[in-house]
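# My questions are about this predicted structure, shown below with the sequence.
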Amino acid sequence: MTWFTVRNGSLEKLPDIGWPDNIAADWLVDQLAMHDGILPERLLGFGEWEDGALHGLYALDREGSLVVLAIAQQTCTKAHAIAAAEHAWNLRNMDAAELNSIAKGYFAAKGIDAQELALMHQETFSLKHALQHWKFNCDQRLIMLTPGYTEAARTSLAWRRFELSIEAYMVRFSDVEGRQLAVIDADTTLSGNALVSLPWLLINAPVSKLRRLRNRTTRGGRGTHRATNAGESRTADNGDKATGSADSNDAADDSDCDHDGGGRVQAAITRRPVDMVLAATGWFDSLNERWLYAILGSFIGLYIVVYSYLTVINHQNFGSFGFDLGIFDQGVWLLSQGAAPFITVRGLHLFGDHLSLILLLIAPLYKVWADARLLLILQTIALALGAVPVFLLARARLKNAALALSIAVSYLLYPALQWVNFDQFHPESFAAPSLLFALYFANQSRYLWFSIAAGIALLTKEDMALVVALMGIYIALRYNRKAGIATSAVAVVWFVIGLKLILPLFNGAGFFYIENFSRFGQTPTEVVMNSITHPGLLLSTVTQGSKLTYLTQLLAPVLFLPLVAIGLFAVCSPTLFSNLVSQQGYMDSIQYHYAAAIIPFVFAASIAAFKKLDLSETTMRMSAIGVLAAALVANILVSPSPLSQNFAKGYWNLSNERRATIEAAVAKIPSNAVVSAQYYLVPHLAHRERIYEFPNPFAVQNWGVQGEHPASVQSIEYVIVDKRNLPDQQQLIFARLAAAGFSERFNKEDIVVLSRK
């Protein structure tokens, strides 16, 4: 930055004099505390702090966010950046009473007659009303003020923006007629919050590392890196030799890899196995943030590629069905066309079946690509991204990179998660990452983001409101009472509105799935009360062999750790309870989508269990291997993944010898025709206002609430079936149609198309 002054009627350039010897960092703290306009916004300073070479100020901005100003009068190194970010991050749970206590001591030392901090805040920012106490410190910000930043510091701060809002400024000084002038200049590479650019970060991390490795190769490999341009050279001469210091750890790693390779191998052979494990896991702790996210991003990307391919190829080979992919494909298509989403596959309005209002957010994407495969890919991406909050939450609570990364990878290997991905498409799959992000943001006291994540979970299905309500109670007890109570209240109100108003409006019957629990009662209240008052009935139900197998398959892949943190795991009890006591046998199997709301709390409770056990650093490193081993064994035994013994058992339709024939038959049906199609053909014909799953409407089956108001038989223009896979009773119905009223349009390899004469 260059400044000019006017001398004798002409502009004169003022030199940048660095940080003057007669000005200390605490002088700048005082200036900022006096609101003298150095910063581009006004802040209410209420406390000073010092940590080695860093001086700083606690302040509140206009919205009540806690701002930590960190000032260093030398170039900011990676160590400075980490220390400042950790300092700000560790204050996230400070409540209004603690803020008041700090402010009281600070103002007293300054000789200021201070009021309560909320009133001081109101006066400072000329607000009409004082902010409520719970609004203070809902978000944390870090503002760095230093003469410059090393590249390593910039990198560290960039990745820390997952946790904090960080702004970096460079302080410049000039001498104007013997008076020191301080001006700050924003470092635009570090403004804002990087969480909104999560996909960019996941892509950029491995790419930037590959570029860095390539540069090392071209420069000769070992040692510190030489500056490649004048800017790097200039920075390297400032403070701690920016580039050299920034990459000193990387240089050490290079040296370890390139020097005395045979010696290192020999040393590894002579170590005990436990020493090798500790060394391997300790290596993760030495990695910087960019490497950690590169590894995590690679695993997430691999999951997305593998399961997008499997689900799409399964669909293309006619391995998807009307229940449930066809239902949601027709519903989303109707929404995208601005039509009333009455699902003729199901005989119900889309929102009379379940309150999956999140489909309203997905529908606009059908304007770009109207295809059932879009739903499958979106579901895969959503489930995979749940590994991000798992990693962030584990690292925040356990302070161990190896264990955090192991838990995140075990999430991607978790059998129940992969079966959710396998089981067609269901909106509640979006609840898994949403609830995990909600738990992470609650841990960070970032309640705006928490409310967004919890709100998305509420939109996935009506019964998700019960899980969010219990999550609110947990947050009230563990983090923030008012935020938790508000969350529970909103969730309960939404649940009541959904069951009493919205569902009856669209289906005329309300929540008719209560019949799945008829042995316990006829209403949700009766089911809950009878479960409490008849514990013998409940116990005999949940201890059946299939139920115990289900619980084992949920908990064994994480070493039964959720039982150690049972309070957090109990948040998913509404979903777990309904799966265990339902009379629909498939609900107590991990091979369906019903575990989607349980998965987040399996992993959040596992992380809490490690925290509760208070393990030593060595034990945590060993646990990282144990967690991965358990996840891998479970994946091999009971998942549908390519690693599993189940992969070749026909779950996935990886090929179909009649695919070309079926596609030719489907092509015979006009795009606007009214069709009755066999179950596996429905998802390929669902983009029309009326499509029925055969034998509907000729024989009512899986239609409406109780089979009410069947469609007109005379409205059907085309029928398409696979006679090879048609049950006997449906064979008779089809034969009657072929004999009278319909003529054959296509018949090859038992794929038959009829059209009305």
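Ah, there it is. Numbering: from 1, shown residues only.

# Let me know the secondary structure of Phe520.
The three-state label given to Phe520 by DSSP: H, G, I helix; E, B strand; the rest coil is coil.

# Quick check: it touching Val581?
Yes - applying CB atoms under 8 Å, one finds Phe520 in contact with Val581, separated by 6.3 Å. Yep, even glycine has a C-beta here, placed from its N, CA and C like the rest.

# Could you list the low-pLDDT ranges of the protein?
1-9, 12-24, 26, 34-37, 134, 162-163, 174-289 (pLDDT under 70).

# Determine the longest helix present in it.
helix 289-316 (DSSP state H).

# one step back: shared neighbours of Phe520 and Val581, anything?
Common neighbours of Phe520 and Val581 (criterion: CB atoms under 8 Å, 6 or more residues apart in numbering): Val527, Ser531, Leu538.

# got CSV for those residues, with secondary structure, distance to Glu657 and neighbour count too?
Output for those, formatted as CSV (DSSP: H, G, I helix; E, B strand; the rest coil; distance: CB to CB, whole Å; neighbours: other CB atoms under 10 Å):
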residue, secondary structure, distance to Glu657, neighbour count
Val527, helix, 47, 19
Ser531, helix, 50, 18
Leu538, helix, 49, 17
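
# between those residues, which is nearest Arg659?
Ranked by distance to Arg659 (CB to CB), those are led by Val527 at 45.0 Å.

# ok so, going back, what's the offset of the longest helix of the chain from the middle of its chain?
The chain centroid and the centroid of helix 289-316 are separated by 14 Å under CA atoms, centre = their mean, to the nearest Å.

# for the next helix or strand after it, packing partners?
Counting by DSSP states H and E, the element after helix 289-316 in chain order, helix or strand, is helix 327-336. Other elements packing on helix 327-336 under the criterion 3 or more CB pairs under 8 Å, 6 or more residues apart in numbering; DSSP states H and E are strand 342-343, helix 350-353, helix 359-362, helix 372-385.

# ok, now which ones touch Ala711?
By CB under 8 Å, 6+ apart, the neighbours of Ala711 are Thr344, Gly347, Arg690, Tyr692, Asn696, Pro697.

# May I ask you to confirm that the third one is in contact with Val345?
Yep, that's Arg690 we're talking about. No - in this structure Arg690 lies outside contact range of Val345 using CB under 8 Å: 9.7 Å.

# So for those two, which sits in the more crowded spot?
Val345 (29 against 19; other CB atoms under 10 Å).

# Check which helix or strand the more buried one maps to.
Counting by DSSP H and E, no helix or strand carries Val345.

# Next, the contact list for it, please.
Gly322, Phe323, Gly326, Ile327, Gln330, Val682, Ala686, Ile691, Tyr692, Glu693.

# ok, now with 7 Å
Contact analysis of Val345 by CB atoms under 7 Å, 6 or more residues apart in numbering lists Gly322, Gly326, Ile327, Gln330, Val682, Ala686, Ile691, Glu693.

# Tell me the spacing between it and Pro147.
To Pro147, Val345 is 66 Å away according to CB to CB, to the nearest Å.

# Any buried residues in stretch 581-594, and which?
Val581, Ser582, Met587, Asp588, Ser589, Ile590, Gln591, Tyr592, His593, Tyr594 (16 or more other CB atoms under 10 Å).

# Dump those residues to TSV, plus distance to Val719 and secondary structure.
Formatted as TSV, these follow (distance: CB to CB, whole Å; DSSP: H, G, I helix; E, B strand; the rest coil):
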residue	distance to Val719	secondary structure
Val581	40	helix
Ser582	34	coil
Met587	33	helix
Asp588	36	helix
Ser589	33	coil
Ile590	36	coil
Gln591	31	coil
Tyr592	30	coil
His593	30	helix
Tyr594	33	helix
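
# Arg373: which of these is nearest?
Relative to Arg373, the closest of the buried residues of stretch 581-594 is His593; by CB to CB it sits at 17.9 Å.

# show me what contacts the closest one?
Applying CB under 7 Å, 6+ apart to His593 gives the contacts Val420, Asp423, His426, Glu428, Ser429.
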